[in-house]
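Asks: below: sequence and its predicted model.
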Protein chains: 2
Amino acid sequence: MQKTILHTLRIPIIQAPMAGGVSTPRLAATVSNAGGLGFLAGGYKTAEEMRKEIIAVREMTSAPFGVNVFVPGAQSSDEKALSSYQKELRKEAERLGVPLGDCQWDDDDWEAKLVVLYNEKIPVVSFTFGCPSADIIARLKANGSFVIVTVTSTEEAIIAAQAGAEALCVQGEEAGAHRAVFRNAKDADQHIGLFTLLQQIRTIVDLPLIGAGGIMTGRDLAAVLAAGACAAQLGTAFLRCSESGAHPVHKAALVDPQFSETVVTRAFTGRPARGLVNRFLAKYDAMAPAAYPQVHHMTKSLRKAAAEQNDPHTMALWAGRGYRLAKEMPAAELLSLLMEEAREAVREAMGRVDKL
Amino acid sequence: MQKTILHTLRIPIIQAPMAGGVSTPRLAATVSNAGGLGFLAGGYKTAEEMRKEIIAVREMTSAPFGVNVFVPGAQSSDEKALSSYQKELRKEAERLGVPLGDCQWDDDDWEAKLVVLYNEKIPVVSFTFGCPSADIIARLKANGSFVIVTVTSTEEAIIAAQAGAEALCVQGEEAGAHRAVFRNAKDADQHIGLFTLLQQIRTIVDLPLIGAGGIMTGRDLAAVLAAGACAAQLGTAFLRCSESGAHPVHKAALVDPQFSETVVTRAFTGRPARGLVNRFLAKYDAMAPAAYPQVHHMTKSLRKAAAEQNDPHTMALWAGRGYRLAKEMPAAELLSLLMEEAREAVREAMGRVDKL
């Protein structure tokens, strides 16, 4: 396997792109400056907003960084389920005193974002919710970008490899927020743990793998590297960092004993995503249709109003399975701590296997 | 943490106790002689049969080995669901030309097995399906046995630690055959992956942990050790070994393309267990009641007859998620290979974290 940009990182840690304001340019720049790989989340933004964040990162670092973009999915959805969900959510809107958002499909400014990625010659580009065409990937590569596709199954890994991806971000079911599944359908929901996925994918695809999902400590990092990943992608671990843009209510919920469980739900966006179980999630999980981004747009105003009212029970409290281990500290300190713990864990493992 | 017998193993690999004839004395002795820890499966046997296997192992090795015993569970079960399942299975019995087994609860010769464990002064004793009383554990320890309890959740880990267990076998949802859950109830089914479980349990219990579930290669072993386990327990990885007592049809099914998936089911025994999806499992999974060992006894004759007729579709084809990686080779060779791969994996991980 060729050495890639991932192999040259001094710290084999990628800060996960977290859409919705969490992944600030400052967080990305801090992680990249420290020797890891910081990431901007292009999702939910306009292409122009994304471009501004890229410029902001470049003002803070000359190190490589990444930009993640959502691949648009099918426009079709179950209109009947969607409109009955809309009807249910009207009560929430009334309670909060805001209108429900427009229930429209869109492509998240896909074409314009690709143009920004080309023009800005982003060092690392990753995709979520699907695999771009071989043509798009080839153009990005020719333009100097290193292209990563996020996958959640062997089938998706094969598709991404065949399309020309240079590395795969392997997302286990432990991961917080959106599952990267290519197809948004209830009958296609597959929730495979990170280590089983790495075990399966490393035997069929000869590409560098990034492990994602539930990685919170240096031990977890060490385990993922031993399992064959060349780097680990951490999201929830950065949520409480000073540079994280997570809402204070979200940060507080991660350590609040009233939130004791995460589940995967479509309640907030219409796509499966792992979050803390709160009132909204518990109430609407079962009736939420597989309709993305329609449900995202519909609930956006509710989540915004809830955040303004400091109401954690109507917000999307995205969190991976290991959320209780999220530390409140500057990102650079967290990276040092993770590396120190990882070295200790690897040394211990070495002591266990190198006795002969 | 004190150094235990687990820390002195030259090879930090435990061969999982696999009831039903798979874990032969020869397999256990081979693994122990090679420097790992072989295990006998006391489950399903009479105490006297278990004693004979212990004697057989001792004739083949002077190294430490373990014996696993099932902890008897509650006698109560849903009688109505049980008798309707019995009615369904009569058709299978007729087809195979054998009577259904007696649908009786029993304690798997529990008291008599404890007496054998005391009398034979077994080096390592492990328990599955529950946690024995603090009194029993104390007596075994005083008698020179090292006591392990198998757990599948933080709650079970705390119970086992409080009862005096000296190590925990942490069983992830990836594991083949029976889930070790203390309570057999559909509303209590929890399927947490090994790495999340290790992450959760290592922070609340200060005991040596054994990682179990889905471990098939040296990379997996290295990952589990890096994640904080002091040893790994492998079952499915040994199924195709020459010393394994697995039925040839079972061995063949592990590499047969017609079996492409494992799920957790109560169809065969009334307790959740992971196996390859075959006709019987697919047909009866949904209607199987939580009634153990009644369903086990009931289907025993069917499974035996199916095996005699080389019919993989009516047997319980226990398998962990990584079954496709099970290798056909002598157990000692497998151990060497796993250690070689693990060393390489740990060295690679070291190269990734020790750059500063």
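Replies: Structure's in. What do you need? Residues are numbered from 1 along each chain as shown, chains lettered A, B, ... in the order given.
Asks: next, count neighbours for the residue of chain A found nearest chain B.
Replies: Closest residue of chain A to chain B, C-beta to the nearest C-beta: A:Gly193 (3.4 Å). C-beta: built from backbone N, CA, C; applies to glycine. Neighbours of A:Gly193 under the rule other C-beta atoms under 10 Å in any protein chain shown: 26.
Asks: quick one, strands of the stretch 51-200 of chain A?
Replies: A:65-70, A:124-128, A:146-151, A:167-171, A:177-178 (DSSP state E, counting those that start in this stretch).
Asks: okay, these in JSON lines with mean pLDDT and mean neighbour count next?
Replies: Listed next are these as JSON lines, based on pLDDT from 0 to 100; neighbours: other C-beta atoms under 10 Å in any protein chain shown:
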{"stretch": "strand A:65-70", "mean pLDDT": "98", "mean neighbour count": "26"}
{"stretch": "strand A:124-128", "mean pLDDT": "98", "mean neighbour count": "26"}
{"stretch": "strand A:146-151", "mean pLDDT": "98", "mean neighbour count": "27"}
{"stretch": "strand A:167-171", "mean pLDDT": "98", "mean neighbour count": "28"}
{"stretch": "strand A:177-178", "mean pLDDT": "98", "mean neighbour count": "27"}
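Asks: columns distance to chain B on top of the ones you listed, output as a markdown table?
Replies: Formatted as a markdown table, those follow (distance: least, C-beta to the nearest C-beta, whole Å):
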| stretch | distance to chain B |
| --- | --- |
| strand A:65-70 | 18 |
| strand A:124-128 | 18 |
| strand A:146-151 | 17 |
| strand A:167-171 | 13 |
| strand A:177-178 | 17 |
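Asks: related to what we said a few turns ago, pretty sure the residue of chain A closest to chain B contacts B:His191?
Replies: No - contact criterion C-beta atoms under 8 Å: A:Gly193 and B:His191 do not qualify, at 9.6 Å.
Asks: so what sits against both of the two?
Replies: Residues touching both A:Gly193 and B:His191 (C-beta atoms under 8 Å, 6 or more residues apart in numbering or on different chains) are B:Glu173.
Asks: may I have the phi/psi pair for the residue of chain A closest to chain B?
Replies: phi -70, psi 160 (degrees, to the nearest 10).
Asks: where's it relative to A:Ser153, distance?
Replies: Here A:Gly193 is placed at a distance of 12 Å from A:Ser153 (C-beta to C-beta, to the nearest Å).
Asks: repeat that for A:Thr46.
Replies: 31 Å.
Asks: right, and A:Ile158 touches A:Ile204 too?
Replies: Yes - look at A:Ile158 against A:Ile204 with C-beta under 8 Å: they come within range, at 6.8 Å.
Asks: which one of the two has more residues nearby?
Replies: A:Ile158 (14 against 10).
Asks: does A:Leu338 belong to a helix, a strand or coil?
Replies: helix (DSSP: H, G, I helix; E, B strand; the rest coil).
Asks: ok, it touching A:Leu221?
Replies: Yes - in this structure, A:Leu338 is within contact of A:Leu221 by C-beta under 8 Å, at 5.6 Å.
Asks: any idea which helix or strand comes after the strand or helix carrying A:Lys283?
Replies: Taking DSSP states H and E as the definition, A:Lys283 sits inside helix A:279-284. Downstream of helix A:279-284, the next assigned helix or strand under DSSP H and E is helix A:294-308.
Asks: by contact count, what packs against that next one?
Replies: Applying 3 or more C-beta pairs under 8 Å, 6 or more residues apart in numbering or on different chains; DSSP states H and E, we find helix A:294-308 packed against helix A:79-96.
Asks: got the angle between the helix it packs on and helix A:294-308?
Replies: Taking axes from the mean of the first three to the mean of the last three C-alpha atoms, to 10 degrees, helix A:79-96 and helix A:294-308 form an angle of 10 degrees between their directions.
Asks: check contacts around A:Val98.
Replies: Counting by C-beta under 8 Å, 6+ apart, A:Val98 touches A:Ser301, A:Leu302, A:Lys304, A:Ala305.
Asks: what about it, distance to A:Ala307?
Replies: A:Val98 is 12 Å from A:Ala307, where distance means C-beta to C-beta.
Asks: equivalent analysis for A:Pro272, please.
Replies: Counting by C-beta to C-beta, the gap from A:Pro272 to A:Ala307 is 22 Å.
Asks: kindly report the same for A:Glu59.
Replies: Relative to A:Ala307, and taking C-beta to C-beta, A:Glu59 is found at 28 Å.
Asks: more neighbours: which of those two?
Replies: A direct count of neighbours by other C-beta under 10 Å for A:Glu59 and A:Ala307 places A:Ala307 higher, at 18 against 10.
Asks: pLDDT below threshold where in chain A?
Replies: Applying pLDDT under 70 to chain A flags residues A:1, A:355-356.
Asks: how is it carved up into domains?
Replies: For chain A, automatic domain parsing gives the domain ranges A:5-72+A:108-246+A:331-353, A:78-106+A:255-318.
Asks: the longest one spans what distance, first to last residue?
Replies: It refers to domain A:5-72+A:108-246+A:331-353. Chord length of domain A:5-72+A:108-246+A:331-353, first to last residue, is 30 Å (C-alpha to C-alpha, to the nearest Å).
Asks: residues contacting A:Tyr118?
Replies: Residues near A:Tyr118 by C-beta under 8 Å, 6+ apart: A:Arg139, A:Leu140, A:Asn143.
Asks: quick one: residues contacting the last one.
Replies: In this structure, A:Asn143 makes contact with A:Leu117, A:Tyr118, A:Lys121, judged by C-beta under 8 Å, 6+ apart.
Asks: mind checking how far the last one is from A:Ala163?
Replies: According to C-beta to C-beta, A:Lys121 and A:Ala163 sit 21 Å apart.
Asks: now swap in the second one and tell me
Replies: In this structure, A:Tyr118 and A:Ala163 are 17 Å apart, going by C-beta to C-beta.
Asks: nearest to B:Cys169, of the strands of the stretch 51-200 of chain A?
Replies: For those, the distance to B:Cys169 is smallest for strand A:167-171, at 26.9 Å, taking C-beta to C-beta.
Asks: so how far is that closest one off the chain centroid?
Replies: 11 Å (C-alpha atoms, centre = their mean, to the nearest Å).
Asks: what packs against that strand?
Replies: Under the contact definition 3+ C-beta pairs under 8 Å, 6+ apart, strand A:167-171 sits against strand A:146-151, helix A:154-163, helix A:194-202, strand A:209-212.
Asks: okay, these in JSON lines with distance to B:His178 next?
Replies: Listed next are those as JSON lines, based on distance: least, C-beta to C-beta, whole Å:
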{"stretch": "strand A:146-151", "distance to B:His178": "31"}
{"stretch": "helix A:154-163", "distance to B:His178": "27"}
{"stretch": "helix A:194-202", "distance to B:His178": "19"}
{"stretch": "strand A:209-212", "distance to B:His178": "29"}
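Asks: for B:His7, find the nearest of these.
Replies: Taking the helices and strands packed on strand A:167-171 one by one with C-beta to C-beta, helix A:194-202 is closest: 23.3 Å.
Asks: that closest one to strand A:167-171, inter-axis angle?
Replies: Going by the same axes, to 10 degrees, helix A:194-202 makes 150 degrees with strand A:167-171.
Asks: chain B contacts on the stretch 151-300 of chain A?
Replies: Counting by C-beta under 8 Å from any C-beta of the partner chain, the stretch 151-300 of chain A comes close to chain B at A:172-174, A:193-196, A:199, A:202-203, A:214, A:216-217, A:219-228, A:230-231.
Asks: now, of those residues, which are buried?
Replies: A:172-174, A:193-196, A:199, A:202, A:214, A:216-217, A:219-228, A:230-231 (16 or more other C-beta atoms under 10 Å in any protein chain shown).
Asks: among these, which lie within helices?
Replies: Here DSSP state H is the test, and these give A:194-196, A:199, A:202, A:219-226 as lying in helices.
Asks: quick one on the thing from earlier: any common contacting residues for A:Leu338 and A:Leu221?
Replies: Counting by C-beta under 8 Å, 6+ apart, the shared contacts of A:Leu338 and A:Leu221 are A:Ile13, A:Leu234.
Asks: many thanks, we can stop here.
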